[in-house]
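Asks: Got a sequence here, can you model it:
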Amino acid sequence: MKRTLLLTGLCVILSLSVSAQTPFIPEGGKKWDGHLDALVAGGTVQRIAAKGVQSITPQTLTGVIINSSKPAVTADFVKGQGFEAMPITDSVLTAKIPATLIPVLAEREEVLYINSTRTYEPFMDKVRPEVGATKVHAGTGLETPFTGKGVVVGVIDQGFEFQHLAFKNEDGSLRVKAVWNRNVTNSSMSTTIPTKGDVTNDGTGHGTHVTSIAAGSKTTYNDYYGIAPEADIVMVPSVGFENNEVLEDAKAIKDFAEANGQPWVINMSFGGHMGPHDGLTLYDQSMSALSGEGGILVAALGNEYDQSLHASHTFTAADEVKDFVVQPSADRSYYGTISLWSQHADGQKHLTIKPFVMNGRNKRYLTAANVQSAGGSYWEGVDPYSKKQGCEIYVPMSRLYSVVGLSSSSNYYLGVEVTASDPAEVHAWTLQGSGTFASRLTGANCVKGDNKYQVGEGAASIPRCVAVASYNTSKTITSAIDGGTYTYSVGNVGDISNFSNIGPYLGNQPKPTVSAPGAVIKAAISRYDGGFDAKDLSIVDVIKVDPRNSYYYAGMSGTSMASPVVAGCVALWLQANPKLTYENVVEILKTTSVRDSYTQTGFNTGNEEWNDRWGYGKIDVYEGLKLALKMGAEAGINKVFNSETPITLQKGLNEWKVLFNNDESFADVALYTADGRPVWRKSIAQPRQGEEAVISLRGTTPGAYLIRINTTAGTLTRKVLVK
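Replies: Numbers count the residues shown, from 1 in each chain. Below is the predicted model:
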């Protein structure tokens, strides 16, 4: 039976077109981007993929994102040719086609532009050693009827154990309502849940851990449950984190939730750094268009704070020359990557860009043909959507050495020489693992690298997406394997995690948006992961429900772990108010996030409410819930979704807070001694949804007391100890 919600504005918001993203194509220009040129010309390209480097030929099925005035018509044509296609919005579709079909598609009148895809990776490089013990459930002392019931928590990730104990109810029934197992040929979203898991060989079961943090079940075995322990779960194991896939995944989760009349939140703990970091790509805009009333996107910020993956320079005069040079990683056969973007948005070229490799004092300039002959990709031009000039290089360096006649035994640097024709602001990034930007190099006029502007591409960069930084709530674990206690270097408890990326962001939204616990978090992991080790010291609990089945919990760290904390909080808020929009959630975070002695450091933007390390501060689920309820009351939602409990309680040392979940005609709040003698009493006439009453315990004689709250909906009594 389908549930219905007051989501009247949803269809209007989600029908927003990406027509504002009509591509700008110079006269005589192609209708596909330059990253596809080598394949269209018949070449073979080496591409970085989530599971290693892959060789792509013109016959390989390649993901593309197509801007079309009639996406359904274009999708039908692609399917008629025997290939996959999926309309996403009223101006965008995704497809998997061979490069040989690209010129054919470009000839079609309704096809506006064919975009190549980018590949991302899980934000988990800080996960393996940095493990720890912290109770994930937000709001210590929070007694709440809000559990995410009726809300869909969707997770796009890798490494799921689909039927882990963490995703079951006490009666053994499964809370995972649907899975799109993209690792299976011809699969689609299914309510038949696989019995095992998808194998990633990362040794962590990343998707299992992330989902457990957001929505793991309460069990009688341990206390490692998630923020929204009664939410409905939808899992989508990604094959390669290509952005055409991610668009399809998000659309499928949204469609599943809406078909059942449910609000939804999607967690994305992945990303990368190739791209303009401004939210203006067709992919970013299309993902934003999926988010609307009752549908929220949440993403990890990234874990590369200790690496100089970014460099920027403001050219102040014509003919000024600067070099953006990537110092290679220890492995000299590394994959060279540079993504460089001018901030002029006028469709004109303001830079002369010349790629090169160098060793010592000598530059060896490269051509696009050199890069493509090495199996790489080279694009330089004006982006058809942002109208910004850019340059991107992906190239396997060992093959490039051979093409240009260099010895692979030497350490060569990949770079681009940039000459400005007039004042211009330029930003560049390189991928983690490719190296870092060199700050000084003989023979080059280097732009010094830094760690700023590292809001991850592909997820956190989406304009209408909550971007999450990580802070520390613990530094230690007690291993279930050897009983030892281990301390890990993540920074001080209470402070920002030393791996958490820093903003700002080149788009119009403040990013990061908020911070949440992400260091040394305990949650479920997958025993089906290809690299799983039952003797890993990071394992903090092993539950044997029968002789054949053991379920594992371990500690991990990363913004990957902070993001699902926020996704779970948003699920609780959506239960309280299923009409919340991204803008509402940002307002809640802006208004209610905690600002303490740690978050106040680094406010270097002139904005007293936000900074580029913490966002708006530390998430506060209770205060956020209060505001979500008030917003719901203002929107005419006078009864909480899927909850009959009239109040929420937050217990503190010297006071209890009573939050009214619904409008009531009266409320009577009283404090009694254990033997029933009244201490004090307060009557409240017509408390409104989201209104709060505070019961102060200051000055009360130590001992046991009873708090009793009467409303039109019933009576609630709780015991309280005053010390």
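
Asks: When you work out contacts or count neighbours from here on, use the C-alpha atoms and nothing else.
Replies: Will do.

Asks: which residues in the stretch 151-300 of the chain form strands?
Replies: 152-157, 176-179, 232-237, 264-268, 270-271, 295-300 (DSSP state E, counting those that start in this stretch).

Asks: so which of those strands comes closest to Gly617?
Replies: Closest of those to Gly617 is strand 295-300, at 15.3 Å (criterion: CA to CA).

Asks: and the angle from that closest one to strand 264-268?
Replies: With axes from the mean of the first three to the mean of the last three CA atoms, to 10 degrees applied, the angle from strand 295-300 to strand 264-268 works out at 20 degrees.

Asks: Numbering from 275 from now on, please.
Replies: Yes, from this point I'll number from 275; that puts the last item at strand 569-574.

Asks: tell me which residues in stretch 801-813 are buried?
Replies: Within stretch 801-813, the residues that count as buried by 16 or more other CA atoms under 10 Å are Arg801, Tyr802, Asp803, Gly804, Phe806, Leu811, Ser812, Ile813.

Asks: still on that earlier bit, least reliable of the strands of the stretch 425-574 of the chain going by mean pLDDT?
Replies: When these are compared on mean pLDDT, strand 544-545 scores lowest, with a mean of 92.

Asks: thinking again about what came up before, which ones among the buried residues of stretch 801-813 map onto strands?
Replies: Ile813 (DSSP state E).

Asks: Same list (the buried residues of stretch 801-813) but as a markdown table, adding distance to Leu521 and pLDDT.
Replies: Converted to a markdown table, the buried residues of stretch 801-813 look like this (distance: CA to CA, whole Å; pLDDT from 0 to 100):
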| residue | distance to Leu521 | pLDDT |
| --- | --- | --- |
| Arg801 | 29 | 95 |
| Tyr802 | 27 | 93 |
| Asp803 | 25 | 89 |
| Gly804 | 27 | 86 |
| Phe806 | 29 | 90 |
| Leu811 | 37 | 92 |
| Ser812 | 34 | 92 |
| Ile813 | 34 | 93 |
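
Asks: Between the strands of the stretch 425-574 of the chain, which one is closest to Thr693.
Replies: Where the strands of the stretch 425-574 of the chain are weighed against each other on CA to CA, the nearest is strand 544-545, at 30.3 Å.

Asks: so what strands line up beside that closest one?
Replies: Based on DSSP bridges, the pairing partners of strand 544-545 within the sheet are strand 395-396 (antiparallel).

Asks: Other residues contacting the strand it pairs with?
Replies: The contact list for strand 395-396, computed with CA atoms under 8 Å, 6 or more residues apart in numbering, reads Ala324, Asp431, Gln432, His480, Gly514, Phe515, Ser543, Phe544, Gly545, Gly546, Ser834.

Asks: Tell me the one of those residues nearest Phe530?
Replies: Nearest member of the contacts of strand 395-396 to Phe530, counting by CA to CA, is Asp431, at 17.4 Å.

Asks: The closest one: neighbour count?
Replies: Residues within reach of Asp431, counting by other CA atoms under 10 Å, total 26.

Asks: hang on, it packs against Ser543?
Replies: Yes - with contact defined as CA atoms under 8 Å, Asp431 counts as touching Ser543 (7.0 Å).

Asks: Columns distance to Gly569 on top of the contacts of strand 395-396, output as JSON lines?
Replies: Listed next are the contacts of strand 395-396 as JSON lines, based on distance: CA to CA, whole Å:
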{"residue": "Ala324", "distance to Gly569": "27"}
{"residue": "Asp431", "distance to Gly569": "18"}
{"residue": "Gln432", "distance to Gly569": "22"}
{"residue": "His480", "distance to Gly569": "24"}
{"residue": "Gly514", "distance to Gly569": "24"}
{"residue": "Phe515", "distance to Gly569": "21"}
{"residue": "Ser543", "distance to Gly569": "17"}
{"residue": "Phe544", "distance to Gly569": "19"}
{"residue": "Gly545", "distance to Gly569": "20"}
{"residue": "Gly546", "distance to Gly569": "24"}
{"residue": "Ser834", "distance to Gly569": "20"}
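
Asks: most surrounded residue in these?
Replies: Ser834 leads the contacts of strand 395-396 on contacts (other CA under 10 Å) with 34 neighbours.

Asks: tilt between the strand or helix carrying that one and strand 506-511?
Replies: Using DSSP states H and E, the element containing Ser834 is helix 833-850. Angle, helix 833-850 to strand 506-511, by the same axes, to 10 degrees: 150 degrees.

Asks: tell me what helix 833-850 is packed against?
Replies: Here helix 833-850 is seen to pack against strand 426-431, helix 480-489, strand 538-542, strand 569-574, strand 739-746, strand 788-793, helix 895-908 when contacts are counted using 3 or more CA pairs under 8 Å, 6 or more residues apart in numbering; DSSP states H and E.

Asks: Kindly reformat these as CSV and extend each row with distance to Thr368.
Replies: Output for these, formatted as CSV (distance: least, CA to CA, whole Å):
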stretch, distance to Thr368
strand 426-431, 17
helix 480-489, 24
strand 538-542, 19
strand 569-574, 19
strand 739-746, 21
strand 788-793, 31
helix 895-908, 35
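
Asks: Run a quick neighbour tally on Tyr495.
Replies: 12.

Asks: hang on, the earlier thing: now the angle from the helix holding Ser834 to strand 739-746?
Replies: Interaxial angle of helix 833-850 relative to strand 739-746 (the same axes, to 10 degrees): 120 degrees.

Asks: Quick check: which of the contacts of strand 395-396 has the minimum pLDDT.
Replies: Pick the lowest pLDDT in the contacts of strand 395-396 and you get Ala324, at 52.

Asks: Contact partners for Val508?
Replies: Counted by CA under 8 Å, 6+ apart, Val508 has contacts Val426, Val427, Gly428, Val429, Val450, Lys451, Ala452, Val453, Ile527.

Asks: Of these, grab the buried ones for ChimeraX.
Replies: Buried members of the contacts of Val508, defined by 16+ other CA under 10 Å, are picked up in ChimeraX with:
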select :426,427,428,429,450,451,452,453,527
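
Asks: Would you format the contacts of Val508 as a markdown table with distance to Ala987 included?
Replies: Converted to a markdown table, those look like this (distance: CA to CA, whole Å):
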| residue | distance to Ala987 |
| --- | --- |
| Val426 | 27 |
| Val427 | 29 |
| Gly428 | 33 |
| Val429 | 36 |
| Val450 | 32 |
| Lys451 | 32 |
| Ala452 | 35 |
| Val453 | 38 |
| Ile527 | 35 |
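
Asks: Which single one of the contacts of Val508 is nearest to Thr989?
Replies: Out of the contacts of Val508, the member with the shortest distance to Thr989 (by CA to CA) is Val426, at 30.5 Å.

Asks: What segments of the stretch 725-874 of the chain are helices?
Replies: Per DSSP state H, counting those that start in this stretch, the stretch 725-874 of the chain carries helices over the ranges 833-850, 856-866.
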